[in-house]
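A.B. asks: Please find the sequence and the predicted model below.
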There are 2 protein chains.
Amino acid sequence: MITPRDSIGQRSETVRRANLAAIATQLHLDGPLSRSELVARTGLTRSAIRGLIGEFVAAGLVNEERSDSLGAPGRPSPIVTPNGMSAVALGLEISVDSLAAGLIGFAGEVHAAVRVERPRGHLAATEIVADLVEVATPLLRRAEAGTLMGVGVAVVGIVRRPDGLVRLAPNLGWRDVPLGEMLAQALGIEVPIFVANDADLGVLAEHRRGTARGIEDAFYLAGEVGVGGGALVDGRPMHGAEGYAGEIGHLPVNPEGLDCACGSRGCWETEVGEHALLAAAGRPRDGGPEEVGRLLDAAAAGDPVALAAFQRVGAWLGVGIASIVNTFNPRLVILGGLFARIHPHVIGPITQRLAVRALAASRELVTIVPAALGADTTLLGAAELAFEPFLSDPAAWLAPRDGEVHLASA
Amino acid sequence: MITPRDSIGQRSETVRRANLAAIATQLHLDGPLSRSELVARTGLTRSAIRGLIGEFVAAGLVNEERSDSLGAPGRPSPIVTPNGMSAVALGLEISVDSLAAGLIGFAGEVHAAVRVERPRGHLAATEIVADLVEVATPLLRRAEAGTLMGVGVAVVGIVRRPDGLVRLAPNLGWRDVPLGEMLAQALGIEVPIFVANDADLGVLAEHRRGTARGIEDAFYLAGEVGVGGGALVDGRPMHGAEGYAGEIGHLPVNPEGLDCACGSRGCWETEVGEHALLAAAGRPRDGGPEEVGRLLDAAAAGDPVALAAFQRVGAWLGVGIASIVNTFNPRLVILGGLFARIHPHVIGPITQRLAVRALAASRELVTIVPAALGADTTLLGAAELAFEPFLSDPAAWLAPRDGEVHLASA
């Protein structure tokens, strides 16, 4: 599909940079790769690949080694291995129950990751930022000078992408918090900081390294107290006009339903969030993840009240997921957070509701799966976000060529 | 945002073709343009633009004329004008109440358009195809030999994009109709035929030539008997895995609601479609567009029953549009078809519901507008679809270069 944005002409330097980006991306997603594989994947000539790889080698970003071609005919193709410490990203996460930081290398290796629990409830942004910096600092010290590409931050709220302003985070009690700016100051580092909604980063991570690899259309459904969503549309994460897209928790499913934190009534998350699940089981609705754990144990032991609660929440989950299926025609709906934990108990009723509420054409194409990356899905997504500038234009991190202005600080 | 698909290396012939596509797209969307404007828009050099334009001139696709530069300093830049008869597309439309055909030229000029009413209700696909071919044939005769780029077909149903199979069109009584194949045979022409859902083409047309020009995130809401949707996400129409995306009519808004044609209950379209509107006004629910016209007249005359019906439908429209706003964070929600006609009467209650149900961050960014292209929106979208192969690779329609295999039949 042609868009005005595609209508940008290409000059030779643009082409070189695009080709470097193509190679960096392939190596980041699937490395190590042989030169021959890079030729096949990029469509570039052998000599072009050799020259471009040479630039990465000179910058220390990749190593090339002759492979032992056991049984393969002809000259073995050198293996190109990303140097995982040569380019790193810091991922940070602010969720309802925890703070986390991870130092992730080029090609996705997790060099270090830390998660600390935090008490639920409203806490001033300055305090959370201070706690987060404390978690992150030891990780940052492990990064060699000049190798940090950027910082990505996942937050359980609605985020204005261009400047990292958290417009609303009901579970933190935040409204219009300039999280990007605050972290830049508190961390005292000069690299770009990107802030995004947790579910949006969930779908990014699962697309890059999880269950949605190779899939172009998917929806990540993040459940905790609230419900968030992140869509992958035609291979690209959907942001909307300013980054607020995916707020699926407020589908108007029940005009007679409960009041919602958003000020409306009968929103989907009032029927399927953690509070709804625990209340349906007659347990304290503020019991948190530990109470959910006890409920899962009870269900595993055959407790009929627990099983009925999962049936009820599963049916409501199915109603909303049907709407997602009709709206997005995804190949995957990925259940994250709470919904990943309870997946085995709710997949039955979800499937039953889909049979009634989702259009057959789309229903036949979709599979409902738990997130593959587990508890660190959104943290990994945050790191992937931080790698964007490097992956989309690695030339800025390479040695300048004759007549080229070096853009290392771009 | 980097995706694996972007990771395709670029060779010089690829670059030439991409540059030709960039120029063709600019001219199609905004032509005529001066060479200087093309330089500015594409980022290509003057000499590159001159050479590439020369290829289009040689093929008769554009004309170049020296402009009279009134008052402009320096040598005037030649004006590049698309030749509207040199490349044409046939747009076809099958809607609930009419069949239509349009012959549209390069740069969007409507050379001819015909619309005929058709009786509502279920009709065999063979009959509709025969009627449509009768409408289209005189238009096709006006196209010069070799200038027809393709045929695009809008149909009020769920369409498998890759092969033009209509999976379901409740208002036509169709299920699994191979419309693309049938039209190819009946028209007896050798060009590609693309079939798509009407709302998906509505958003395409409004993006290219209507109210969403220059906007990257929009949602087109098509209302007649049923309700369909087409999303523009980050400048690209959203298709989903096989083309079924945008089926927003079945949002589960009311568990106590009416049975829906989809087999479920309380879907949004049971509260906002034409039947719901007429029923709310105590008028025959099958009265069709003429009865809607009488209802509009009554409302204009201050009839309280008519006004109350619009209030009711407007409020329910607002409930669903709030969900669209939360999910897509669009800058525009475009009301098409019935909803465009009733826009003045429903915009008030829609806005009231949005104030309650849509998240403020997204609500502040959105405007609700009627479709700008009027009754022919989807017909124009169908023609735009047919132009895709030409716009994405015009090289195939140009004279072959040394050593190049001509791909005119690609």
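C.D. replies: Thanks, I have it. Computed from a predicted structure; not experimentally measured.
A.B. asks: What is the burial count for the residue in the stretch 251-400 of chain A positioned nearest to chain B?
C.D. replies: Nearest to chain B in the stretch 251-400 of chain A, going by C-beta to the nearest C-beta, is A:N329, at a distance of 2.4 Å. C-beta coordinates here come from the backbone N, C-alpha and C atoms, glycine included. Per other C-beta atoms under 10 Å in any protein chain shown, the neighbour tally for A:N329 reads 28.
A.B. asks: Quick check: closest non-adjacent residue to it.
C.D. replies: Leaving aside its chain neighbours, A:N329 sits nearest to B:G240 (2.4 Å; criterion: C-beta to C-beta, 6 or more residues apart in numbering or on different chains).
A.B. asks: Any regions of chain A where pLDDT drops low?
C.D. replies: A:1-11, A:67-74, A:400-410 (pLDDT under 70).
A.B. asks: now the helices for the stretch 51-200 of chain A?
C.D. replies: Applying DSSP state H, counting those that start in this stretch to the stretch 51-200 of chain A gives helices spanning A:125-142, A:179-187, A:198-209.
A.B. asks: what's the offset of the last one from the middle of its chain?
C.D. replies: Relative to the mean C-alpha coordinate of its chain, helix A:198-209 is positioned 2 Å out (C-alpha atoms, centre = their mean, to the nearest Å).
A.B. asks: what's the answer for the shortest one, then?
C.D. replies: The gap between where helix A:179-187 is centred and where its chain is centred comes out at 21 Å by C-alpha atoms, centre = their mean.
A.B. asks: contacting residues for A:T270?
C.D. replies: Applying C-beta atoms under 8 Å, 6 or more residues apart in numbering or on different chains to A:T270 gives the contacts A:N254, A:G257, A:L258, A:D259, A:C260, A:A276.
A.B. asks: Mark which of these are part of helices, please.
C.D. replies: The helices, defined by DSSP state H, take in A:A276 from the contacts of A:T270.
A.B. asks: what's the most distant pair in the contacts of A:T270?
C.D. replies: Spatially, the most separated pair among the contacts of A:T270 is A:D259 and A:A276, at 12.5 Å (C-beta to C-beta).
A.B. asks: Tell me which of the two has more neighbours.
C.D. replies: Legend: neighbour count by other C-beta under 10 Å for A:D259 and A:A276, higher for A:A276 (22 against 11).
A.B. asks: close enough to count as contact, the more buried one and A:A315?
C.D. replies: No - contact criterion C-beta atoms under 8 Å: A:A276 and A:A315 do not qualify, at 11.6 Å.
A.B. asks: Which ones among the contacts of A:T270 also lie next to chain B?
C.D. replies: Restricting the contacts of A:T270 to those touching chain B (C-beta under 8 Å from any C-beta of the partner chain) yields A:N254.
A.B. asks: which among the contacts of A:T270 gets closest to B:L27?
C.D. replies: Using C-beta to C-beta, the contacts of A:T270 come closest to B:L27 at A:C260, 49.6 Å.
A.B. asks: give me phi/psi at the closest one?
C.D. replies: Backbone torsions for A:C260, taken as degrees, to the nearest 10, come to phi -110, psi 150.
A.B. asks: So what's the residue count around the closest residue to chain B within the stretch 51-200 of chain A?
C.D. replies: Across the stretch 51-200 of chain A, the shortest distance to chain B (C-beta to the nearest C-beta) belongs to A:R167, at 4.1 Å. Neighbours of A:R167 under the rule other C-beta under 10 Å: 20.
A.B. asks: thinking again about what came up before, how about the residue nearest to A:N329, secondary structure?
C.D. replies: When classified by DSSP: H, G, I helix; E, B strand; the rest coil, B:G240 comes out as coil.
A.B. asks: ok so, going back, got the contact list for the residue of the stretch 51-200 of chain A closest to chain B?
C.D. replies: Neighbours of A:R167 in contact, by C-beta under 8 Å, 6+ apart: A:G157, A:I158, A:V159, A:R160, A:R175, A:D176, A:Y244, B:A360, B:A361.
A.B. asks: Rebuild those as TSV, extending it with distance to B:T137.
C.D. replies: Converted to TSV, the contacts of A:R167 look like this (distance: C-beta to C-beta, whole Å):
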residue	distance to B:T137
A:G157	58
A:I158	53
A:V159	54
A:R160	53
A:R175	62
A:D176	61
A:Y244	49
B:A360	54
B:A361	52
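A.B. asks: quick one: the residue positioned nearest the centre of chain A from A:A112, how far?
C.D. replies: Nearest to the centroid of the C-alpha atoms of chain A, with distances taken as C-alpha atoms, centre = their mean, sits A:L201, at 2.5 Å. Applying C-beta to C-beta, to the nearest Å, the value for A:L201 to A:A112 is 19 Å.
A.B. asks: Tell me the residues on the stretch 301-410 of chain A that lie near chain B, please.
C.D. replies: Counting by C-beta under 8 Å from any C-beta, the stretch 301-410 of chain A sits next to chain B at A:319-320, A:322-323, A:326-331, A:356-357, A:359-362, A:365-366, A:388, A:391-392.
A.B. asks: just to revisit the earlier point, show the buried residues in the contacts of A:R167.
C.D. replies: Listed as buried from these are A:G157, A:I158, A:V159, A:R160, A:Y244, B:A360, B:A361; burial here means 16 or more other C-beta atoms under 10 Å in any protein chain shown.
A.B. asks: Let me have the residues you listed in TSV, extended by distance to B:T14.
C.D. replies: Converted to TSV, these look like this (distance: C-beta to C-beta, whole Å):
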residue	distance to B:T14
A:G157	42
A:I158	40
A:V159	37
A:R160	37
A:Y244	36
B:A360	45
B:A361	41
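A.B. asks: how about those, which pair is most distant?
C.D. replies: Longest span within those, C-beta to C-beta: A:V159 and B:A360, 13.9 Å.
A.B. asks: that older thread, check the burial of the residue nearest to A:N329 by counting its neighbours.
C.D. replies: By other C-beta under 10 Å, 27 other residues sit near B:G240.
A.B. asks: just the one 3 residues further on next, same as before
C.D. replies: Applying other C-beta under 10 Å, we find 24 other residues in the vicinity of B:G243.
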